[in-house]
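S.K.: Predicted model, plus sequence, below.
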Amino acid sequence: MKRLALATLVVSPEHVEAFKALAHPGRLEVFFTLVKARAELAAGQVQEAVGMPSPTVSHHLDQLRRAGLVQARRQERFIYYSVGSEMVNDLVRLLTACC
């Protein structure tokens, strides 16, 4: 991965919100579950994997979606979630440019 020059780093409010979303242990666990899956998971599958109550998982998924870290797709009565690669790539670039 190419490192960005420190002078070219531009941190947006969206990046800050994404870092804030990941700063919660439960949301981080939900996010890592999706990362490890490398595929879409239904909300129920995420809930089963992390062992949290369904309303809590739904809240975490919504916060991650709003932060651009996950994408949601509705199919009939199910909502499928996957990693939002654009925002995740931005955060990785920001971290690797300065570290």
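M.R.: Now that the structure is in, tell me what you want to look at.

S.K.: And the strands in this protein?
M.R.: With strands called from DSSP state E, the chain shows them at 41-42, 70-75, 78-83.

S.K.: can you tell which of those strands is closest to residue 62?
M.R.: Among those, strand 70-75 comes nearest to residue 62, with 8.5 Å by Cβ to Cβ. For every residue, glycine as well, the C-beta is placed using N, CA and C.

S.K.: what's the closest one in contact with?
M.R.: By Cβ atoms under 8 Å, 6 or more residues apart in numbering, the list of residues contacting strand 70-75 from outside reads 31, 34, 40, 61, 64, 65, 79, 80, 81, 82, 83, 84.

S.K.: Format those as JSON lines; extra columns: distance to residue 10 and neighbour count.
M.R.: As requested, the contacts of strand 70-75 are exported to JSON lines (distance: Cβ to Cβ, whole Å; neighbours: other Cβ atoms under 10 Å):
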{"residue": "31", "distance to residue 10": "23", "neighbour count": "25"}
{"residue": "34", "distance to residue 10": "27", "neighbour count": "23"}
{"residue": "40", "distance to residue 10": "31", "neighbour count": "18"}
{"residue": "61", "distance to residue 10": "28", "neighbour count": "23"}
{"residue": "64", "distance to residue 10": "23", "neighbour count": "26"}
{"residue": "65", "distance to residue 10": "23", "neighbour count": "16"}
{"residue": "79", "distance to residue 10": "32", "neighbour count": "18"}
{"residue": "80", "distance to residue 10": "32", "neighbour count": "16"}
{"residue": "81", "distance to residue 10": "28", "neighbour count": "25"}
{"residue": "82", "distance to residue 10": "26", "neighbour count": "16"}
{"residue": "83", "distance to residue 10": "23", "neighbour count": "20"}
{"residue": "84", "distance to residue 10": "19", "neighbour count": "20"}
